[in-house]
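**Q** give the three-dimensional model of this entry:
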Amino acid sequence: MSQEHKSNNIFIRYLGLTAVIIFSVISVLGTGGGGDGDAGDTSVDLLPTYDFNISRGIDSSGDVSNGITVSVPQNGSTAFLRVDPNPVVGTFQCDTVSGECGLATIDSGTFLDVFDETTTLVVGNLRIQILDQVIIGISGLPVIGRIQIESVAAPDGLGAGFITVEMATCTGGAGVNIYQDTVLIGCFTWNDFEQLFDTSTNPAEQLAAFGFQVVEFLFEQVDFVTEILGLIDENATDLQQAGSIEEMCDAFSTAGLTAPTNIIGRTVPDQGMRSLSWIDSNSDSNLGPGDGFVGTLNQCWFNDPTDDVDELLNGVGNFLGYVENIDQNREVITALGFTSVTPPTPGGVFYTDFTISETEETTPGTAEITDVIGLEGGVSIMFTEP
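**A** I've put the predicted structure just below:
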């Protein structure tokens, strides 16, 4: 079981599922691809550096998305928070031998808007902007850069103003300086900083931690997309021949637990299933650029034996406007992701009735759902050659 600090706010806990802003390993992407040909070619590699772009996508109706809306339980009701990139850009670097890739920089001038659509959260409406380029160190944590959080309309007396998070070295180690307007509030190590939303009574400190974790949340979506891209590459032949692939999820019984029964109107099986289906958008019988994919998670439990809190996922992810471009002469992938190449053609990653439930062994041998958040809407995510 993990003994780390556990936030009392499920949205903050979800934003902080990873302690650092980092992409997942996507080594499989360097072993195949379709691009200007068809998926499944095993002769292409990754470039050492890619630019990334996270922006508004275009949904299946041809409408421009307004980002991702997150619904969270709050004081007996439901709060809705919308995260809208405008766009968020930067670079990530790849080891061309191992195929492992990680976030390298987030560019200055990048910003995203956060809208508290129910005005029930402490944060209100925010604009989060990268003032100075953020550079990620070998630890996976930022070492240089400044992020500004502008409080456009926040309740609880914070009012309008600017909060700046500056990467710094504190007495206890690496961390951040927090400024309210131009006044230094204090220097906080990363561990202390990540807990401020719960532990601090200073709204400016809470806002600083929240704003940073919203940026983390956005990169969690990139992490999700890299996993899907890897699945597509690994299973291109099966997807093209059968149209879909399926896999069983972790079973509660394997962990010595019974499935949760504490949510009215919802039946959770002992073992759920996840699937990925191919949509031949081009009607050419070849898996390749322009196609779409549907990822379905049916009460899919992800068990982490090292943590006492696990995730149960349910819902649909639509991956539209697949892009995979290959320079055949150099045998490298030059562009990869989901976007609308020719608007209003659909493109991006979109959630439909997607829920993330936290499960915990509250009594011996029994798992219970302790919190649920929902995701709707989506964004465009692209990686391209600089």
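
**Q** how many neighbours does the closest residue in space to Asp116 that isn't next to it in sequence have?
**A** Excluding the flanking residues, the one nearest Asp116 by C-beta to C-beta, 6 or more residues apart in numbering is Gly124, at 5.2 Å. C-beta: built from backbone N, CA, C; applies to glycine. Using other C-beta atoms under 10 Å, Gly124 is surrounded by 20 other residues.

**Q** contacts only, for Phe311.
**A** For the record, residue 311 is Glu, not Phe. By C-beta atoms under 8 Å, 6 or more residues apart in numbering, the contact set of Glu311 is 301-302, 356-359.

**Q** 7 Å instead, please
**A** 302, 356, 358 (C-beta atoms under 7 Å, 6 or more residues apart in numbering).

**Q** which member of those is positioned nearest Gly145?
**A** Nearest to Gly145 among those is Ile356, at 28.8 Å by C-beta to C-beta.

**Q** Validate this expectation: Ile232 resides in a helix.
**A** Yes - judged by DSSP: H, G, I helix; E, B strand; the rest coil, Ile232 forms part of a helix.

**Q** could you check the pLDDT of it?
**A** Looking at Ile232, its pLDDT stands at 89.

**Q** same check on Pro260?
**A** For Pro260, the predicted pLDDT is 94.

**Q** ok, now Met1?
**A** On the pLDDT scale, Met1 gets 25.

**Q** circling back: most surrounded residue in the contacts of Glu311?
**A** Ile356 leads the contacts of Glu311 on contacts (other C-beta under 10 Å) with 20 neighbours.

**Q** hmm, back to that, what about the contacts of Glu311, which are in strands?
**A** 302, 356, 358 (DSSP state E).

**Q** ok so, going back, wait, which of the contacts of Glu311 is closest to Val152?
**A** Using C-beta to C-beta, the contacts of Glu311 come closest to Val152 at Ile356, 27.2 Å.

**Q** how about the nearest residue to the closest one, chain neighbours excluded?
**A** Ile373 (5.3 Å).

**Q** now Val316
**A** Spatial nearest neighbour of Val316, chain neighbours left out: Thr352 (4.4 Å); criterion: C-beta to C-beta, 6+ apart.

**Q** got it, and Phe293?
**A** That would be Phe319: by C-beta to C-beta, 6+ apart, it lies 4.3 Å from Phe293.

**Q** show me what that neighbour is bridged to.
**A** Phe293, Val349 (DSSP bridges).

**Q** surely it and Phe350 touch.
**A** No - the pair Phe319 / Phe350 is not scored as a contact, 8.0 Å apart, by C-beta atoms under 7 Å.

**Q** Gly90 touches Ser108, doesn't it?
**A** No - with contact defined as C-beta under 7 Å, Gly90 does not reach Ser108; the gap is 9.6 Å.

**Q** those two: which has the busier surroundings?
**A** Gly90 (22 against 15).

**Q** tell me the secondary structure for the residue nearest to Ile356?
**A** Three-state assignment for Ile373 (three-state DSSP): strand.

**Q** burial count for it?
**A** Neighbour count of Ile373, defined by other C-beta under 10 Å: 20.

**Q** repeat for Pro305
**A** Using other C-beta under 10 Å, Pro305 has 9 neighbouring residues.

**Q** for the protein, which segments count as helices?
**A** In order along the chain, the chain carries the following helices (DSSP state H): 10-15, 190-194, 196-199, 203-234, 236-242.

**Q** out of these, which comes closest to Gly67?
**A** Closest of the helices of the chain to Gly67 is helix 203-234, at 9.2 Å (criterion: C-beta to C-beta).

**Q** run the chain-centre distance for that closest one.
**A** 3 Å (C-alpha atoms, centre = their mean, to the nearest Å).

**Q** identify each buried residue in that helix, please.
**A** Residues 203-226, 228-234 are the ones in helix 203-234 that count as buried (16 or more other C-beta atoms under 10 Å).

**Q** over to stretch 182-195?
**A** 185-190, 192-195.

**Q** and stretch 317-334, by the same measure?
**A** Buried-residue list, stretch 317-334, by 16+ other C-beta under 10 Å: 317-326, 332-334.

**Q** so which of these belong to strands?
**A** Secondary structure from DSSP E places 317-320, 322-326, 332-334 of the buried residues of stretch 317-334 in strands.

**Q** rewinding a little: ok, the residue nearest to Phe293 to Val83 distance?
**A** Taking C-beta to C-beta, to the nearest Å as the measure, Phe319 falls 19 Å from Val83.

**Q** got it, and Gln221?
**A** Per C-beta to C-beta, Gln221 is found 9 Å from Val83.
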